[in-house]
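# sequence unknown, structure follows:
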DNA sequence: AACAATCTAGTAAGCGTTTGCATGAGGGAG
DNA sequence: CTCCCTCATGCAAACGCTTACTAGATTGTT
């Protein structure tokens, strides 16, 4: 099919070594020679075989994105951010599903990555997640997005602050019975959950509002989960006048549940979510928005940085700032 | 780092050739020997180097997903379907953005793929799209999802039928002034658009309803596009009592525009979308749902099929059936 | 003018597999 | 007992690059 480096070398009247150097822009190649080589390569439609150069150089020219899901908004958006950062370079993007409870993988992650990628961007998994932790110990270049780490570079929002912000907003509106809709009871594979919850409690405490356990309900971090959790909440003795949902998608589910019960968000119960999901506008959902795509992009940039600097590299935490977007799903409690 | 095949061979007391055969399950290896080799490999934590085997075998063990966008729901969902099909095998998934008007790529697609992937699943691009067409001509194994083709295998819904179905639904409700919200005026890189539009016209014709050009508005195939188009529509002389939006996301945009004008979907103007977007439930949007993830999965399976059968392979078109999901965004016109 | 430093380019040894070919060992058929 | 065929394995040549290392040619220094 494609021409080989030897043919280019022959056609250009140089050695393969020179072709290799010329085409990769390495020094010690006369500009005249380089030009001739480049032209010859172009004429022969030559492109270096990735497999061959990978084998010879030991570098794969690939970065992996490790993510539990690919279709959910947050994850898909991070991935697109990473893709954005890579379009400018020559790096390939390998997509790997990791940590999806519904689809456990048989092959150890490290094997799936070894000699397949030079590094990886990890989405929403903490550095304590077993397979991730293992990679870090083996010094596999990693960057996290969605959770912070002091072992590798990471970019995320301040989740505790986010929880505080959302809750404080509800408190400011005059709410006292503020519920919480969270993911699984305690999911170690997604720390944002605990942090946001802490922020919630923190805000309550600061305002001297006792946290009522009956105001917290757990579901999955999905629309369905939020729906179930809200149904649960509505069946309890104590009723919240406002609910903080740990993600917009869960808030959407909560909205569906409310509607089924004849309740209106912002009138019967105030709702706040987290994410800045594109649909939050149509749903009139108040949300704490985070710059998701940008976070993915930054993580990819940080990873490339790490790959280029090799030695003198320091893990860096990047905290993105969030923005409370107020919409009609959050309003003062009925009485007021 | 990892052990090499030579070390395994030495440790197991066989040649590298035997190790290679044994580990890949090839015939002509004694079961006893195979077992010994497998155990040795496991003990040494050996995994064949992808670069090396790719170079030697000429196969990359990778399939690419060619998509204009990665974060938009439809695309992300197709990708996850492909990923689903691949988790069972040893294939890698290479993500490549192609045909995104906002991010033109400098490197010719063929070069980006050559010796990088054994085949590709193309999302929502027709076989007439220049770069895709070129790949087909070069016999690069391809499978399309979202548009049909007789040159390569493809899986898609019947878009004309979809347009007809949606429009007929509105007609059945008693509407006569049925508007259309479409993407760009004529986007050759997304045939579904034209087909759905044809279905729309077809349904009108069959019912003897004259198609009024002033009832059609163009935007992008996005929420913002739908919003703009609806604003446009509302500013026209002739007003529709119902509007068929070529995608759910555009319908969401239309809803936002309507709300801003104090109009309610299903009451002032009926709305129907296409996709079965997860948010359509919350938005109460009537939609023609398509099994997107499944389509991605099938396309991946078809591609693997093609890769395994090499020779005797016939392009196959798979038409998925759609389902009209009626919600409150579509109701009879006011008068009735 | 002699010598060191810097460029430029070539030689060839890998990189770690896969695979065509050769070889030898069994085993059933004649 | 041969002869052939099948099975099991080894040998060694690719696969198409990258990259020490080497060496000659320039250029600069003193």
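Yes, it's here. A quick note: this is a predicted structure, and the numbers were derived from the prediction, not measured.

# only C-alpha atoms from now on, for both contacts and neighbour counts.
OK.

# ok, the spatially most central residue of chain A - contacts?
Nearest to the mean C-alpha position of chain A, counting by C-alpha atoms, centre = their mean, stands residue A:123 at 3.9 Å. Counting by C-alpha atoms under 8 Å, 6 or more residues apart in numbering or on different chains, residue A:123 touches A:65, A:66, A:67, A:68, A:75, A:78, A:144, A:145, A:146.

# then residue A:5?
Here residue A:5 is in contact with A:16, A:19, A:20, A:46, A:48 (C-alpha under 8 Å, 6+ apart).

# likewise for residue A:71?
Neighbouring residues of residue A:71 by C-alpha under 8 Å, 6+ apart: B:71, B:73, B:76, B:77, B:79, B:80.

# which parts of chain A sit against chain B?
Proximity of chain A to chain B is confined to A:47, A:49-52, A:54-55, A:60, A:69-73, A:76-77, A:79-80, A:83, A:87, A:92-97, A:105, A:111, A:115-116, A:252-253, A:255-256, A:279, A:282-283 under the rule C-alpha under 8 Å from any C-alpha of the partner chain.

# out of those residues, which are buried?
Buried members of the residues of chain A next to chain B, scored by 16 or more other C-alpha atoms under 10 Å in any protein chain shown, are A:47, A:49-52, A:54-55, A:60, A:69-73, A:76-77, A:79-80, A:83, A:87, A:92-97, A:115-116, A:252-253, A:255-256, A:279, A:282-283.

# counting neighbours, what do you get for residue A:208?
Residue A:208 has 10 neighbours, counted by other C-alpha atoms under 10 Å in any protein chain shown.

# do you know the pLDDT at it?
Looking at residue A:208, its pLDDT stands at 93.

# please enumerate the strands of the stretch 201-336 of chain A.
Taking DSSP state E, counting those that start in this stretch to define them, one finds strands in the stretch 201-336 of chain A at A:216-218, A:242-245, A:270-275, A:286-289, A:317-320, A:323-325.

# put together TSV for these, with distance to residue B:183 and mean neighbour count on each row.
Shown next, in TSV, are these (distance: least, C-alpha to C-alpha, whole Å; neighbours: other C-alpha atoms under 10 Å in any protein chain shown):
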stretch	distance to residue B:183	mean neighbour count
strand A:216-218	40	21
strand A:242-245	34	30
strand A:270-275	27	28
strand A:286-289	28	26
strand A:317-320	34	18
strand A:323-325	29	18
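
# could you export these as CSV, including mean pLDDT?
CSV is the format used below for the strands of the stretch 201-336 of chain A (pLDDT from 0 to 100):
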stretch, mean pLDDT
strand A:216-218, 92
strand A:242-245, 97
strand A:270-275, 97
strand A:286-289, 98
strand A:317-320, 95
strand A:323-325, 98
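
# at the contact with DNA strand C, which residues of the stretch 1-150 of chain A appear?
Counting by C-alpha under 7 Å from any atom of the strand, the residues of the stretch 1-150 of chain A close to DNA strand C are A:13-18, A:27-31, A:33-34, A:52, A:55-57.

# which ones among the residues you listed also lie next to DNA strand D?
Checking these against DNA strand D (C-alpha under 7 Å from any atom of the strand), the matches are A:16, A:17, A:18, A:52, A:55, A:56, A:57.

# can you pick the most crowded of the residues you listed?
Counting neighbours by other C-alpha under 10 Å, residue A:18 comes out on top of those with 21 neighbours.

# the closest residue to that residue other than its chain neighbours in helix, strand or coil?
Distances taken as C-alpha to C-alpha, 6 or more residues apart in numbering or on different chains place residue A:29 nearest to residue A:18, at 7.1 Å, with adjacent residues excluded. For residue A:29, the secondary-structure state derived from DSSP: H, G, I helix; E, B strand; the rest coil is coil.

# where's residue A:29 relative to DNA strand D, distance?
Distance, residue A:29 to DNA strand D, by C-alpha to the nearest atom of the strand, to the nearest Å: 11 Å.

# the ones next to DNA strand D among the residues of the stretch 1-150 of chain A next to DNA strand C: which two are farthest apart?
Greatest spacing in these, by C-alpha to C-alpha: A:18 and A:55 (18.8 Å).

# so for the helix or strand harbouring residue A:110, mean pLDDT?
If you go by DSSP states H and E, residue A:110 is part of helix A:109-113. Mean pLDDT, computed over helix A:109-113, is 90.

# who does whichever helix or strand comes after that helix pair up with?
The C-terminal neighbour of helix A:109-113 among helices and strands, as given by DSSP H and E, is strand A:119-123. Using DSSP bridges, strand A:119-123 pairs in its sheet with strand A:62-67 (parallel), strand A:142-145 (parallel).

# for the helix ranked longest in chain A, buried residues please.
Secondary structure assigned by DSSP state H gives helix A:292-309 as the longest helix of chain A. With burial defined by 16+ other C-alpha under 10 Å, the residues of helix A:292-309 counted as buried are A:292-304, A:306.

# that helix near DNA strand D at all?
No. Shown here: helix A:292-309 not in contact with DNA strand D (C-alpha under 7 Å from any atom of the strand), separated by at least 13.0 Å.

# same for that helix, what does it pack against?
With contacts defined as 3 or more C-alpha pairs under 8 Å, 6 or more residues apart in numbering or on different chains; DSSP states H and E, the packing partners of helix A:292-309 are helix A:73-87, strand A:119-123, strand A:142-145, strand A:153-157.
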